[in-house]
Each structure stands twice: as C-alpha cells, then as structure tokens.
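Visitor: Whatever this is, show me its structure:
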Amino acid sequence: MPPPPAAAPSADGHAAHASHTGAVALLLNVAHAIDHLMLLVFATAVSAIAVDFGIGRWEDLMPFAAGAFVLFGIGSLPAGRLGDHWGRRAMMLVFFFGIGLSSFVVAATQSPWQMAIALTVMGAFSSIYHPVGIPMLVQTADRPGRVIGVNGLAGNLGIAAAALLTGFLVKYFGWRTAFVVPGLISIACGVAFMLLAPREHTAPSKRAPKQVDLPRATLARVFLVLTMTSTCGALIFNFTTNGNGELLRERFTAITQDPATLGALLAALYAVASLAQVVVGRLIDRVPLKRLFLGIVLMQIPLFALAARAEGWTLYAFALGFMVFVFGAIPFTDALIVRYVDDRMRSRVAGVRLAVSFGISALAVWLLGPVVKASGFDFLLMLLAVIAACSAVAILGLPEQAPKTLPAPERAA
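Guide: Predicted coordinates:
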C-alpha cells in the first residue's frame, strides 16, 4: 500500500501532520494498548513462569520484573527529549519494532536473571509511548479530553487483552507464546505506521507557534502537583494491575484455579473499568478539571478499604469499583499537560514527569510480592487507600482557573 501524499509544509513545518488520518490515529491508540499489554504479560503469567523456572512461590519471582518498570519510568526522560528534538514519528517506529523484538528475547529466556535483563530492555522501549505517542495524538486536537479518553480506553483494553490473551495462551501454548504473539502484532503495526504516518518536516521543539500562556511560577506549581498525583496514581496502577490476578486467585478460589477463567474475569474487569476513561475524557472538556479530578480520586479511598476484607463475588464487585476510579483518574495527567504546557515542549515535560512518577512507582512491582507475602492483600489494599488520600491532598494545589489558550496558526489561517 503506497503512503499517502504528504501535505505541503507550512512555515513552521506543522501542516505535514496537522491532522492525522484515521488510520494513523488508530495505530497510535493500538500502540497504547500494546504498551500496557506487554508490560503485564509477565504479571499475568508469573505463576506459570515460576513453575517452569523451578521457583516455589510467585512472590519470589515478581521482583525480577522491577527493572522493566524502572526503565519504563526513567527511559521516558530521553524518549521525551528525542521526541521533541528528533521527531515523534521516528520515535514511534523505534517503539513498535523495539517492543516486538525485545518480546522475542523475553520468550527465549531460561532463568530468572535472564528474564530480568530481557524485561528491562523491553521496559526501555515501552518508555517511549507515553511522552511521544500521546503528545503526537493530541497536538492538534480541538477536544483533547475526548481524544485522551479514547486513548486511555485503548491503553486499558490492552490491560484487559493481557489478561485474556495471556491466560488463553498460557493454558494452551505455554507462557513463551504469550510474549511472542503480541510481539508479532507490534512489528506488524510498526510496518503499517511506517507506510501511513506522514514524515515530520520540523521537529516539535523548532516550531514557532505558542498556544499556552502561563507564568513560570504557575507552571512550576502545576508540574509539582502533576508529579505528585501521577506518582501516587502510578503506584496504585502498578499495585492493582500487577496484583489483581493473584488477589482474585487467593480470594476467589472457587472459580479462579483455571488460568483461562482467571484471565477472562480480569479481562472483563479491565474492559468495563476502561469505559470510565471515555466518560472522563468527555467530562474534562466540560467540567472544571480540578473538581472532577478530586472527586474521582476521593472515590478510590472507601472502595480500597471495603475490598480489604471482601471475598468472592463481593470482592470482584469492589475490585470493579476501585478499578473504574483508578482508570478514571488516568486521563488527568495528560489533560493537565495539554492544558498547561505548549506543544513544543510537551514530550519533554511528559518525559520528566514520567521519569519521576514511573521510576518511583516501579517500587510497587518490586514490593508487591514481599508485601503480600509478609502482610497479605488486606494490608496492601489499605495502603492503596492511604496513597489515594495523599493524591487527593496534592490535587488541592491545582490552580482554580485554566490558563489562556492562544489559537494555533493553522487554525487561524
């Protein structure tokens, strides 16, 4: 399929990619799904991998995945810088092909330490998407909340797919296939993106227009709140998405002994909860952001506390409830960047934010097994309620009023 003709570049080189085709936008959303899917295959298959590697308890194997999440965080810093200064299209090609090839390496590992190294490499490629793919998707959006909401839905459907696809592949073909299949999908998407995405004539950092007018002191305040809330949110996200499978396995023993059944339950949980992002995305364009963000985070606190003592279908209902609000809080970090940061530096700001928040939240993956082994899931869920409360306090520091937004030249022309 021949690539579409590129648009003539404007003075700032922006017109070549001012409006993505539906196919390119679809591939950017699929990339978000692949990103989250690949990072959670290990957590979903950890029990089977532990048996294959001769390790008695899954909790003892879980810390070996921490490197992937550390690189997922700190790798965002150079990825964001390269996205702004080199180009977002080029970085997305590195993402697609890097994820695919590294997943094959993970599938070939024979020991926990080999697995740790391979997962860490895959985490480095995974770090590219959030500071590069999302700014590329929203850079000319008239309704960024809606775009971010749909993109968030895609990412969390990737989490659901990780549970469903991994459970099925582990049961019928083995855990190694669970890495190979999505790796092949990523490479196929990379080829399609290379053919369909128009080339960038000017790197984002070199474009002339300024769309956001914000004093430096206010920007620093927003960045601090953004970093604190995204760190808390990432901790909660990592603890829940990496731990929900074993939580259900422990407290829903009547029907979760079969990997495929457990995967289906998790997939349904994440698929339903993911719809919250679409709703929140639409609300972001209509409702004061600070009030909406605070309300969603506050709802997490009682749901975590109630889930701490629940079992069976009651636990599943509470898990669905807290995941709705965990996923519902995700669009706000990207919405804050779109609202308060000019497009010329969004990838760098996102990269710094992600490096701090995801770097710290990688501790969740390292600590998940030891914390559950020492204190149980009831303690973990109460800890998540405390983290959500800290996030709510940080949100109070957001400005009450949104900044002035200046029209982009391609819209004013």
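
Visitor: what packs against the longest helix seen in the chain?
Guide: Determined from DSSP state H, the single longest helix within the chain is helix 346-395. Here helix 346-395 touches helix 58-61, helix 66-74, helix 76-85, helix 129-138, helix 216-251, helix 289-307, helix 331-340, going by 3 or more C-beta pairs under 8 Å, 6 or more residues apart in numbering; DSSP states H and E. Quick note: C-beta positions are derived from backbone N, CA and C, even for glycine.

Visitor: Please enumerate residues in contact with the shortest one?
Guide: Looking back up the chat, that one is helix 58-61. Residues outside helix 58-61 that contact it (C-beta atoms under 8 Å, 6 or more residues apart in numbering): 46-47, 49-50, 53, 55, 112, 246, 368-370, 372-373.

Visitor: what does the last one give?
Guide: Contact partners of helix 331-340, identified using C-beta under 8 Å, 6+ apart, comprise 134-135, 138, 141, 144-145, 148-149, 151-152, 212, 214, 218-219, 222, 225-226, 229-230, 233, 277, 280-281, 284, 289, 292-293, 296, 346, 349-350, 353, 398, 402-403, 405.

Visitor: for the stretch 101-250 of the chain, which spans come out with low pLDDT?
Guide: 203-215 (pLDDT under 70).

Visitor: same thing but 90
Guide: Applying pLDDT under 90 to the stretch 101-250 of the chain picks out residues 130-131, 133-172, 174, 197-228, 230-231, 233-235, 237-250.

Visitor: what about F327, how many neighbours?
Guide: Using other C-beta atoms under 10 Å, the number of residues around F327 comes to 26.

Visitor: For it, what are phi and psi?
Guide: Per-residue torsions, F327: phi -70, psi -40 (degrees, to the nearest 10).

Visitor: residues in contact with it?
Guide: Each residue near F327 by C-beta under 8 Å, 6+ apart is listed here: G152, N156, Y270, A273, S274, A276, Q277.

Visitor: can you do 6 Å?
Guide: Shown in contact with F327 (C-beta atoms under 6 Å, 6 or more residues apart in numbering): N156, A273, S274, A276, Q277.

Visitor: can you pull the buried residues of stretch 259-279?
Guide: Going by neighbour count (16 or more other C-beta atoms under 10 Å), the buried part of stretch 259-279 is 259, 262-267, 269-271, 273-278.

Visitor: which residues touch that stretch?
Guide: Stretch 259-279 has contacts (C-beta under 6 Å, 6+ apart) with 149, 152-153, 156-157, 159-160, 163-164, 167-168, 170-171, 245, 255-256, 320, 323-324, 327-328, 331.

Visitor: In strands, which of those fall?
Guide: Judged by DSSP state E, the contacts of stretch 259-279 include no members of strands.

Visitor: From these, which land in helices?
Guide: 149, 152-153, 156-157, 159-160, 163-164, 167-168, 170-171, 245, 320, 323-324, 327-328, 331.

Visitor: So among these, which ones count as buried?
Guide: Among the ones in helices among the contacts of stretch 259-279, those classed as buried by 16+ other C-beta under 10 Å are 149, 152-153, 156-157, 159-160, 163-164, 167-168, 170-171, 245, 320, 323-324, 327-328, 331.

Visitor: Any chance of the helices and strands packed on helix 346-395 in JSON lines with distance to M194 as columns?
Guide: Formatted as JSON lines, the helices and strands packed on helix 346-395 follow (distance: least, C-beta to C-beta, whole Å):
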{"stretch": "helix 58-61", "distance to M194": "36"}
{"stretch": "helix 66-74", "distance to M194": "24"}
{"stretch": "helix 76-85", "distance to M194": "17"}
{"stretch": "helix 129-138", "distance to M194": "14"}
{"stretch": "helix 216-251", "distance to M194": "30"}
{"stretch": "helix 289-307", "distance to M194": "36"}
{"stretch": "helix 331-340", "distance to M194": "25"}
